[in-house]
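> missing the sequence, but the structure's below:
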């Protein structure tokens, strides 16, 4: 598959070299079942499509081949697999229990040395693992486990990330070029979006580069909401409906393990109307956490995380007069809604339909590389810079101010990591951030017009 060398593609390849990948390769049927950040990791290392397909076919079996794979493991004694391996700590039996999703096994064992070397495997880590069939494992023990041991593991490591190199590379592109680089890198065709839609797409990335952002997006199906968060970052956890417990989200007092909010960059509640919490404690703790990033539970006292919280919901209409009717009951509480920094109007984004039209046709940055860049950008504090450049005008509350500056800081990191922009460029992203918070302010007025009077939020770019 040959990349059509448009001027932008040529520039991406020239500036980023091996960090640029052909986005069309990741759509091959044999590879597409892997998360995008994994498939592009492999694409960057196996340049020949046939070799890539062979690697995936050999090491990442289809779930329908489960018994065939287990039989090979029994006969040969060991096999290598690509998967998102996850380990649970079983203190009662002094063992590490292993989850092997592609084999639908949740009670195998992992070597202690692997957990020591790669602690992130406790929350799930992609890599290639050596699995051994050990029929004598746990002999004489009352513990029932599947006799498979993860004895060796090689995580998928990205390149040595140099944020300075990334920032210097950004300087070689105009703003419009850079926006298209980012759109193409997340797998979409920038030619299918107008300038406003491109900025809304990039706003989805804000919680990945800015810590403690609480964001809501409502929009029709097939606009890529869930796909982006599932495929663009290692550091996200998606709850697609179902019942969520405080142990899973915050802290498991029995296992003494911090939950997803303590381990991830972003937690996403997908199809938020279908989300159910196991007890009122979850909503109360989530509401507290959304204020300043602190939480506590049981023996865990005053823990802090910069994990962002994202709520996604589907709308059946293209332009709602009010989005409140689409929210679950727990989000119609004004105290809860006020903690959300902004609403992204997904109804303004076009649906993604044909792959040959709406998906990226050229090259972009490898998603595994981009995932690590986003993770590092979270440590970069630009809010004081932003506050010196933008003045908020209107009847702002403290939460209004915080919401706007959080969203604006994230957009600024994405588009201007070199911290260079002119007044008109800054104005365009400030407008997006202020409008996102204005939608929340309007909803609060609708819910409680006496407590939250109608107001108009504005801004002025200094200089």
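Noted; the coordinates are in hand. In this text, all values refer to a predicted model and were calculated from it rather than measured experimentally. Residues are numbered from 1 along each chain as shown.
> what about this structure, any weak spots by pLDDT?
For the chain, the stretches with pLDDT under 70 are 1-5, 47, 138-142, 157-160.
> can you list the domains in it?
Domain assignment of the chain by automatic domain parsing yields the ranges 63-155, 170-358, 375-461.
> list the contacts of residue 351.
Applying CB atoms under 8 Å, 6 or more residues apart in numbering to residue 351 gives the contacts 220-223. C-beta coordinates here come from the backbone N, C-alpha and C atoms, glycine included.
> what's the burial count for the nearest residue to residue 283 once chain neighbours are set aside?
On the basis of CB to CB, 6 or more residues apart in numbering, the spatially nearest residue to residue 283 that is not a chain neighbour turns out to be residue 330, at 4.9 Å. When counting by other CB atoms under 10 Å, one arrives at 18 neighbours for residue 330.
> so residue 330 touches residue 276, yeah?
No: because the distance of 9.9 Å does not satisfy CB atoms under 8 Å, residue 330 is recorded as not touching residue 276.
> who wins for proximity to residue 39 among the domains of the chain?
Distances from residue 39 to each of the domains of the chain were compared by CB to CB, and the smallest falls on domain 170-358, at 8.8 Å.
> how long is that closest one end to end?
Across its full length, domain 170-358 reaches 25 Å end to end, with CA to CA, to the nearest Å as the criterion.
> by neighbours, which of the contacts of residue 351 wins?
Of all the contacts of residue 351, residue 223 has the most neighbours under the rule other CB under 10 Å, reaching 22 neighbours.
> am I right that that residue is in contact with residue 352?
Yes: under the criterion of CB under 8 Å, residue 223 makes contact with residue 352 at 6.5 Å.
> list the buried residues in stretch 322-329.
Within stretch 322-329, the residues that qualify as buried are 323, 326-327, counting by 16 or more other CB atoms under 10 Å.
> among those, which are in helices?
Assignment to helices by DSSP state H places none of the buried residues of stretch 322-329 there.
> in the stretch 351-463 of the chain, which spans are strands?
363-365, 390-394, 457-461 (DSSP state E, counting those that start in this stretch).
> point out the most buried one among those strands.
For these, ranked by mean neighbour count under the definition mean count of other CB atoms under 10 Å, the leader is strand 363-365 at a mean of 25.
> what lines up beside that strand in the sheet?
Based on DSSP bridges, the pairing partners of strand 363-365 within the sheet are strand 20-22 (antiparallel).
> buried ones in the next helix or strand after the strand it pairs with?
Scanning forward in sequence from strand 20-22 by DSSP states H and E, the next helix or strand is helix 29-32. Residues of helix 29-32 classed as buried under the neighbour-count rule (16+ other CB under 10 Å) are residue 31.
> who are the packing partners of helix 29-32?
Contact here means 3 or more CB pairs under 8 Å, 6 or more residues apart in numbering; DSSP states H and E; on that basis helix 29-32 packs against helix 36-45, helix 49-59.
> and the contacts of the helix or strand harbouring residue 179?
Here residue 179 sits within helix 175-185, counting by DSSP H and E. The contact list for helix 175-185, computed with CB under 8 Å, 6+ apart, reads 8, 11-12, 23, 170, 173, 189-190, 193, 195, 198-199, 201-202, 205, 360, 362-365, 367, 370, 414-415, 421, 425.
> if any of those residues are buried, give me the ChimeraX selection for them.
What follows is the ChimeraX syntax for the buried subset of the contacts of helix 175-185, where burial is set by 16+ other CB under 10 Å:
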select :8,11,12,23,170,173,189,190,193,198,199,201,202,205,360,362,363,364,365,367,370,414,415,421
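> so which of the contacts of helix 175-185 sit within helices?
The helices, defined by DSSP H, take in 8, 11-12, 170, 195, 198-199, 201-202, 367, 370, 414-415, 425 from the contacts of helix 175-185.
> wait, which of the residues you listed is closest to residue 161?
Nearest to residue 161 among the ones in helices among the contacts of helix 175-185, counting by CB to CB, is residue 370 at 10.3 Å.
> give me the distance between that closest one and residue 44.
Residue 370 sits 12 Å away from residue 44, going by CB to CB, to the nearest Å.
> so who does the nearest residue to residue 188 once chain neighbours are set aside touch?
With CB to CB, 6+ apart as the criterion, residue 188 has its nearest non-adjacent residue at 5.9 Å, and that residue is residue 360. Listed by CB under 8 Å, 6+ apart, the contact partners of residue 360 are 23-24, 183-185, 187-189.
> ok so, going back, could the helices and strands packed on helix 29-32 go into a markdown table alongside distance to residue 390 and mean neighbour count?
Listed next are the helices and strands packed on helix 29-32 as a markdown table, based on distance: least, CB to CB, whole Å; neighbours: other CB atoms under 10 Å:
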| stretch | distance to residue 390 | mean neighbour count |
| --- | --- | --- |
| helix 36-45 | 33 | 23 |
| helix 49-59 | 46 | 15 |
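> how about TSV for these, with distance to residue 82 added?
Compiled in TSV, the helices and strands packed on helix 29-32 are given as follows (distance: least, CB to CB, whole Å):
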stretch	distance to residue 82
helix 36-45	8
helix 49-59	4
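> the ones you listed: which one's closest to residue 272?
Each of those has some distance to residue 272 by CB to CB; the shortest is helix 36-45, at 23.3 Å.
> now do that closest one: distance to the chain's middle.
What separates the centre of helix 36-45 from the centre of its chain is 17 Å, taken as CA atoms, centre = their mean, to the nearest Å.
> ok, stretch 72-84 next?
On the basis of CA atoms, centre = their mean, the separation between the geometric centre of stretch 72-84 and that of its chain is 30 Å.
> what helix or strand is residue 303 on?
With the criterion set as DSSP H and E, the secondary-structure element containing residue 303 is strand 300-304.
> what pairs with that strand, parallel or antiparallel?
Partners of strand 300-304 in its sheet, by DSSP bridges: strand 294-297 (antiparallel).
> please give the element, helix or strand, for residue 289.
Assessed by DSSP H and E, residue 289 sits inside helix 280-292.
> that helix packs against which elements?
Using 3+ CB pairs under 8 Å, 6+ apart as the contact criterion, the neighbours of helix 280-292 among helices and strands are helix 246-249, strand 294-297, strand 308-314, helix 334-337.
> which among these is found nearest to residue 115?
Each of the helices and strands packed on helix 280-292 was checked against residue 115 via CB to CB, and the shortest separation belongs to helix 246-249, namely 19.7 Å.
> give me the residues contacting that closest one.
Identification of contacts with helix 246-249 by CB under 8 Å, 6+ apart yields 253-254, 259-261, 267, 278-279, 281-282, 285-286, 297.
> alright, I will stop here.
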